[in-house]
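Visitor: Got a predicted structure plus its sequence, pasted below:
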Amino acid sequence: NVDTKWWKEAVVYQIYPRSFKDSDGDGVGDLKGIISKLDYIKSLGIDAVWLNPIYASPNDDNGYDVSDYRAIMKDFGTMEDFDLMLKEMHKRGIKLIMDLVVNHSSDEHEWFKQSRSSRDNKYRDYYHWWPAEKGKPPYRWSFFDVNSDAWKYDAQTNSYYLHYFSQKQPDLNWENPKVREDIYDMMRWWLDKGIDGFRMDAFQFASKDTTWPELPKGYEKNIIKYYGVGPHLHDYLQEMNKEVFSKYDIMTVAEGAGSSPQDAMLFVDPARKELNMAYHFESVDIGKHLSDFGLIKYKAIFSRYDKEFKDKGWLAIFLANHDQPRMVSKFGNDSPEFRTISSKMLSTFLMTMRGTPYYYYGDELGMDNIRFNNINDYHDLDTRNKYIALKNKGGDLEAFLEGEKQTARENGRTPFQWDAKKNAGFTTGTPWLKVNPNYTTVNADQQEKDPNSTLNYFRKLVQLRKKNPTLVYGKFELIDENNPAIFAYTRELNGEKLLIVLNFTSKNASVKTGINIKGAKVLMNNYTTPSKSKELRPYEAVIYQL
Ligand code: TEU
């Protein structure tokens, strides 16, 4: 009696369009580039592509600052390119999920230009304003502001506007029904074009308490707790569902879902009619590297969430995205010795957990952190603004740059490594962000030819998941939970039981599963040679059918 849904069975592949494939030599990836690689994407076996924002944008935050929701960013191409891309995707049975960035717009959006022009403009209430004659507005923290101040003074109307992200990303006022109507209209416009869903960017922050109470002490330690559960958030989502989602067979996913499994459930409990699924940040916000926070704590997060979701609701599973370092550099081991084997192990994890897997472009090759030495190599406002802020305070810039080698978002945004030719075959021009120098050995072309490559291993895993409903719908049970080296669990459905064992360390390790595996069938193993001992080898991953 499982509640089957196509979006639960799907494997989602995330494409960062700026870095996937450049077709015109300007150094920036584009839609034509994606079109030229659709056969590759199809060959992965994935079901849906999530594209980071491709709307018109001045690119203060690489498309997360939209200046026109119904136009394509010039760097990426035209609406004709988009229509062709969608058609070609659908022809191949690939669905398209668009990023929906509506907690904020760009300050160059027409709505904001109008809004800031005068206090009685009809778009004034599309954003949050605080008149300066009332004094300074109650402090709000900002993700990307150099002074961590989310209120920016605007002389034109002697008022402050709110921006949780950068100064060029003013927050839309969701309290205003006109804002909501305009956005629903725009969403229907895209859905009528035939797209298959939305990833709701930062939407947990959309509802604000507009009485602007003081933030409680210690707020900065858990910003999501204070920003992520605004008073009307779920009213908006229910209204959006009624006005938009319910009219289409689509998939919707919340980026961020409060600060607990109970919070997350509110977004996706089917009875509440809001979104299909959500991803939370606990498993990525846990720390810099697995060796710091440890596997036991990490496993506990997954089992805690799974417990809440065992009977209803649905989660997304991911290890990386465009806001994170590369998965192999954070949860695996990207030294030449272990990069391949640990990438395969992590892919095994993603494809065998309960929840819809979101797989980040390039992870199928084992792409890893680029680790820039120089601040000038970074383009991301996140890293750059933190650097400026620290410099203004006289902080330790060396240490900061060292830390960013592990954590900076751009570690995961470098151009896709297609082949060993110039610029990894990404562009004939100068790439907007440096290509990881390991492209001569880590690239798709080479991995195509190698049956044991991470790429071909990933393809097999995807097929295994698609053939096996137990991997999608089966009950999850954590085993040997205090084992510091091994993540072991079973998945079980209608009498079929699978055992998954994953060594997260570079040493041999053993696991107490209490399960007799004699006679069990090995469905997948990331090592190609048979094991001589009962222990798991470094980063070994095995899927048993019991
Ligand atoms: O991220 C929202 C978010 O919650 C951020 O805090 C994220 O954790 C950030 O990367 C911190 O460094 C979304 C997008 O995924 C991100 O790329 C955008 O920059 C952000 O919204 C603003 O649109």
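Guide: Here it is on my side, so go on.

Visitor: Quick one: distance of stretch 162-179 to the chain centre.
Guide: 22 Å (C-alpha atoms, centre = their mean, to the nearest Å).

Visitor: in that stretch, what's buried?
Guide: The neighbour-count check on stretch 162-179 (16 or more other C-beta atoms under 10 Å) flags 162-176, 179 as buried. Yep, even glycine has a C-beta here, placed from its N, CA and C like the rest.

Visitor: what does stretch 381-395 give?
Guide: Neighbour-count burial for stretch 381-395 [16+ other C-beta under 10 Å]: 381, 382, 383, 384, 385, 386, 387, 390.

Visitor: Now tell me what touches it from outside.
Guide: Stretch 381-395 has contacts (C-beta atoms under 8 Å, 6 or more residues apart in numbering) with 60-61, 143-148, 166, 375, 378, 396-397, 400-401, 404, 408-410.

Visitor: ok, back up a step: nearest to residue 47 among the buried residues of stretch 381-395?
Guide: residue 382 (30.5 Å; C-beta to C-beta).

Visitor: helices or strands up against the host helix or strand of residue 83?
Guide: Under the criterion of DSSP states H and E, residue 83 resides in helix 79-91. Helix 79-91 sits against helix 31-36, helix 38-43, strand 68-72, strand 95-100, with contacts defined as 3 or more C-beta pairs under 8 Å, 6 or more residues apart in numbering; DSSP states H and E.

Visitor: Run the chain-centre distance for that helix.
Guide: Worked out by C-alpha atoms, centre = their mean, helix 79-91 lies 23 Å from the chain centre.

Visitor: avg pLDDT for that helix?
Guide: In this model, helix 79-91 has an average pLDDT of 98.

Visitor: send the alpha carbons of that helix over as PDB?
Guide: Listed next in PDB are the C-alpha coordinates belonging to helix 79-91 (Å, rounded to 0.1, in the frame of the first residue of the first chain):
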ATOM      1  CA  MET A  79      13.300  32.100 -25.300                       C
ATOM      2  CA  GLU A  80      13.500  30.200 -28.600                       C
ATOM      3  CA  ASP A  81      16.500  28.300 -27.200                       C
ATOM      4  CA  PHE A  82      14.500  27.600 -24.100                       C
ATOM      5  CA  ASP A  83      11.500  26.200 -26.100                       C
ATOM      6  CA  LEU A  84      13.800  24.000 -28.100                       C
ATOM      7  CA  MET A  85      15.600  22.800 -25.000                       C
ATOM      8  CA  LEU A  86      12.300  21.800 -23.400                       C
ATOM      9  CA  LYS A  87      11.100  20.100 -26.500                       C
ATOM     10  CA  GLU A  88      14.300  18.100 -26.900                       C
ATOM     11  CA  MET A  89      14.300  17.200 -23.200                       C
ATOM     12  CA  HIS A  90      10.700  15.900 -23.400                       C
ATOM     13  CA  LYS A  91      11.500  14.000 -26.600                       C
END
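
Visitor: Specify the angle between that helix and strand 68-72 in degrees.
Guide: Counting by axes from the mean of the first three to the mean of the last three C-alpha atoms, to 10 degrees, helix 79-91 lies at 80 degrees to strand 68-72.

Visitor: Compute the inter-axis angle for helix 79-91 and strand 95-100.
Guide: Angle between the axes of helix 79-91 and strand 95-100 is 140 degrees (criterion: the same axes, to 10 degrees).

Visitor: Can you give me every residue that contacts residue 514?
Guide: If you count contacts by C-beta under 8 Å, 6+ apart, then residue 514 has residue 479 around it.

Visitor: Next up, phi/psi of it, please.
Guide: phi 70, psi 10 (degrees, to the nearest 10).

Visitor: need the residues of the protein near the ligand, please.
Guide: Proximity of the chain to the ligand is confined to 61, 64, 101, 143, 165, 201-202, 255-256, 322-323, 382, 409 under the rule C-beta under 6 Å from any ligand atom.

Visitor: rerun that using 5 Å as the cut-off
Guide: Proximity of the chain to the ligand is confined to 61, 64, 165, 201, 202, 323, 382 under the rule C-beta under 5 Å from any ligand atom.

Visitor: which one is the second one nearest to, not counting chain neighbours?
Guide: Spelled out, that is residue 64. Take residue 64 and drop its neighbours on the chain: the residue closest to it by C-beta to C-beta, 6 or more residues apart in numbering is residue 101, 5.4 Å away.

Visitor: Just the pLDDT at the one you found, thanks.
Guide: If you check residue 101, the pLDDT there is 98.

Visitor: Can you pull the phi/psi pair for it?
Guide: With angles defined as degrees, to the nearest 10, residue 101 sits at phi -110, psi 90.

Visitor: picking that back up, tell me which of the buried residues of stretch 381-395 is nearest to the ligand?
Guide: Among those, residue 382 lies closest to the ligand (C-beta to the nearest ligand atom), at 4.8 Å.

Visitor: what secondary structure does that closest one sit in?
Guide: Secondary structure, DSSP: H, G, I helix; E, B strand; the rest coil: residue 382 is helix.

Visitor: going forward, begin numbering at 444 instead of 1
Guide: Happy to do that; since the first residue is 444 now, the last one works out to residue 825.

Visitor: picking up where we left off before, pLDDT for the buried residues of stretch 824-838 - can I get that in a markdown table?
Guide: Output for these, formatted as a markdown table (pLDDT from 0 to 100):
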| residue | pLDDT |
| --- | --- |
| 824 | 97 |
| 825 | 97 |
| 826 | 98 |
| 827 | 97 |
| 828 | 97 |
| 829 | 97 |
| 830 | 98 |
| 833 | 97 |
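
Visitor: and residue 899, how many neighbours does it have?
Guide: The burial count assigned to residue 899 is 16, neighbours taken as other C-beta atoms under 10 Å.
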